[in-house]
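Enquirer: 3D, please:
(2 chains, ligands or ions: 4)
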Amino acid sequence: MKYSYFPGCTLKTTGASLDRSARLAALALGFELEEIENWQCCGGVYPLGSDEIATKLSSVRALAEAKAKDQELVTLCSACHHVIKRVNDDMKNVDDIRTRANNYMKLDEAYAGETNVLHFLEVLRDRVGFDNLKAKVTNPLKGRKIGAYYGCLLLRPGKIMAFDDPENPTIIEDFIRAIGATPVVYPYRNECCGGYISLNEKDMAKSMCKRIKDSAEGFGAEMLITACPLCMYNLNKTEGGISVRYFTELLCEALGITEEGKAL
Amino acid sequence: MSHDKTKKQAELIREISGVNPYKCMKCGKCSASCPSFNEMDIKPHQFVSYVLNDDLEALVNSKSLWKCLSCFACIERCPRDVKPGKLVDAARQLVVRERGGDFLSADEIPEKLDPELPQQLLVSAFRRYRR
Ligand code: SF4
Ligand code: SF4
Ligand code: SF4
Ligand code: SF4
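Expert: Ligands and ions are numbered 1, 2, ... in the order given. Model prediction:
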């Protein structure tokens, strides 16, 4: 099974381990991520202004390429996922945006939101299936107590992201169970880590991240997992407390994937 | 600001955001959900009233514009679909578009960087703070 894949700029640089571990895990699970050709950065934030078009075009380009290949489009970075999923919704449901974007793009065939956008976690849940994943785990992470850190962008707005229940999500906890570990549910798992505010106001982001880490630790988590390089950065910049990993790194560990003989 | 200009800006904010502030029932759920609440001089539910009253002067000078994280908590939880986070973003857009009012200048940025800083942070901060 082949999917179109939008890695995004961060996964080519500081988030490289998220990209690498996801590709390796995908192969072990029997699917392939085929990178979109000449993709461009999605911009990192969904342009909320209803009159913004130009800032949405890089997403439309990726979506149209996946459509041309008749593939679903897979993302990993929470922010890319958020932006592309919402732009796709605009292309499907907002006449004005669809018309103007298509006028700019001059594609052979107009794009109207036909591509299905899936986050890698959704591929695991809805295409592979957590039961099948569980069956492929060779090194179950028994006894590990792991907190899911959802953050904001995967979940909200719930109607458009349609990822999981935005107030009481379970997908990452189910993932944690599938790899043999024990999920720890804690109240701050869908609270914001501060996002880009950490560029300019480090203290504000730190206090938000400390709350998240303390909350998880207080409920017994030994580590957190995330799908977002920015969450990862913010949480790691907040010294002390439990460690943070990408969910795909633990997936590789559970699947027994090692690179050149050493664990990822 | 002249009265006419203020009215026009209030309309522009409604237009950019696509939000209908008249639907707000002042339940305060948005402000209760906001992770930046303590940092804001105008709280999310108050934002709605300022737009309703065409009180734009205060809004465009509010530090809340630069404290909103676009975390979408208020947008998710508003029972009346008013989406105050969209109003905040529209006001921010107005400021950067009209005044060329970049919140951060290019030479302020390098000192804030470190090697682990993800691309995503820079890209999104640029979108938010500059035009
Ligand atoms: S969301 Fe992030 S990583 Fe993804 S392309 Fe856009 S800015 Fe880059
Ligand atoms: S939690 Fe933080 S980085 Fe992650 S999605 Fe929210 S703001 Fe972005
Ligand atoms: S949550 Fe919605 S209805 Fe309630 S005060 Fe905020 S904007 Fe108004
Ligand atoms: S989107 Fe902005 S205003 Fe709304 S809850 Fe988040 S930080 Fe607060």
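Enquirer: Quick one, grab the pLDDT at the residue of the stretch 101-250 of chain A found nearest ligand 3.
Expert: Here the stretch 101-250 of chain A gets closest to ligand 3 at one residue, A:Pro157, 13.3 Å apart by C-beta to the nearest ligand atom. In this view, the C-beta of every residue, glycine as well, is placed from N, C-alpha and C. You'll see A:Pro157 listed with a pLDDT of 94.
Enquirer: Which residues are in contact with it?
Expert: Counting by C-beta atoms under 8 Å, 6 or more residues apart in numbering or on different chains, A:Pro157 touches A:Pro166, B:Phe72, B:Ile75, B:Glu76.
Enquirer: what's A:Thr14 sitting at in phi/psi?
Expert: As for A:Thr14, its main-chain torsions (degrees, to the nearest 10) stand at phi -70, psi -20.
Enquirer: what's the burial count for it?
Expert: 20 (other C-beta atoms under 10 Å in any protein chain shown).
Enquirer: how about the nearest residue to it, chain neighbours excluded?
Expert: B:Pro118 (4.6 Å; C-beta to C-beta, 6 or more residues apart in numbering or on different chains).
Enquirer: ok, how many other residues are close to that neighbour?
Expert: Neighbours of B:Pro118 under the rule other C-beta under 10 Å: 25.
Enquirer: Could you measure from it over to A:Arg144?
Expert: B:Pro118 sits 26 Å away from A:Arg144, going by C-beta to C-beta, to the nearest Å.
Enquirer: and stretch A:151-161, does that touch ligand 2?
Expert: Yes - contact between stretch A:151-161 and ligand 2, assessed by C-beta under 6 Å from any ligand atom, occurs at A:Gly151, A:Cys152, A:Leu153.
Enquirer: State whether the last one and A:Ser78 are indeed in contact, as I suppose.
Expert: So that's A:Leu153. Yes - A:Leu153 is within contact range of A:Ser78, at 4.4 Å (criterion: C-beta atoms under 8 Å).
Enquirer: between the two, which one's more packed in?
Expert: Under the criterion of other C-beta under 10 Å, the comparison of A:Leu153 against A:Ser78 puts A:Leu153 first, with 29 against 25.
Enquirer: The more buried one: what's its closest spatial neighbour, skipping adjacent residues?
Expert: Per C-beta to C-beta, 6+ apart, closest to A:Leu153 is A:His82, 3.9 Å.
Enquirer: Quick one: neighbours of the one you found, just the number.
Expert: For A:His82, the tally of surrounding residues (other C-beta under 10 Å) stands at 29.
Enquirer: Give the full set of residues in contact with it.
Expert: Counted by C-beta under 8 Å, 6+ apart, A:His82 has contacts A:Tyr46, A:Leu153, A:Leu154, A:Met161.
Enquirer: which SSE is it in?
Expert: Element membership of A:His82, judged by DSSP states H and E, is helix A:78-93.
Enquirer: now B:Leu87
Expert: Per DSSP H and E: helix B:84-99 holds B:Leu87.
Enquirer: if you look at that helix, does any of it touch ligand 2?
Expert: No - under the criterion of C-beta under 6 Å from any ligand atom, ligand 2 is not reached by helix B:84-99; the shortest gap measures 12.4 Å.
Enquirer: Check what contacts that helix and list those residues.
Expert: Residues outside helix B:84-99 that contact it (C-beta under 8 Å, 6+ apart) are A:48-49, B:9, B:12-14, B:16-19, B:21, B:30, B:44-45, B:47-48, B:51, B:59-60, B:62, B:64-66, B:68, B:70-75, B:78, B:101-103, B:128-131.
Enquirer: again, only this time at 7 Å
Expert: Contacts with helix B:84-99, where a contact means C-beta atoms under 7 Å, 6 or more residues apart in numbering or on different chains, come from A:48-49, B:9, B:12-13, B:16-17, B:19, B:30, B:44-45, B:47-48, B:51, B:59-60, B:64-65, B:68, B:70, B:72, B:74-75, B:78, B:101-102, B:130-131.
Enquirer: List only those of those flagged as buried.
Expert: In those, burial by neighbour count holds for A:48-49, B:9, B:12-13, B:16-17, B:19, B:30, B:44-45, B:47-48, B:51, B:59-60, B:64-65, B:68, B:70, B:72, B:74-75, B:78, counting by 16 or more other C-beta atoms under 10 Å in any protein chain shown.
Enquirer: which of the contacts of A:His82 has the weakest pLDDT?
Expert: Lowest confidence among the contacts of A:His82: A:Tyr46, with 90.
Enquirer: my guess is it contacts A:Val83, does it?
Expert: Yes - A:Tyr46 is in contact with A:Val83 according to C-beta atoms under 7 Å; the separation is 4.8 Å.
Enquirer: Is the residue in the stretch 51-200 of chain A that ligand 4 sits nearest to in a helix, a strand, or coil?
Expert: Here the stretch 51-200 of chain A gets closest to ligand 4 at one residue, A:Cys192, 6.7 Å apart by C-beta to the nearest ligand atom. The three-state label given to A:Cys192 by DSSP: H, G, I helix; E, B strand; the rest coil is coil.
Enquirer: if I pick it, what's in contact with it?
Expert: By C-beta under 7 Å, 6+ apart, A:Cys192 lies in contact with A:Gly151, A:Cys152, A:Met208, B:Pro35, B:Leu69, B:Cys71.
Enquirer: Can you report how many residues neighbour A:Lys106?
Expert: By other C-beta under 10 Å, the residues close to A:Lys106 number 7.
Enquirer: Just give the nearest non-adjacent residue to the residue of the stretch 51-200 of chain A closest to ligand 4, would you?
Expert: Counting by C-beta to C-beta, 6+ apart, the residue nearest A:Cys192 is B:Cys71, at 3.7 Å.
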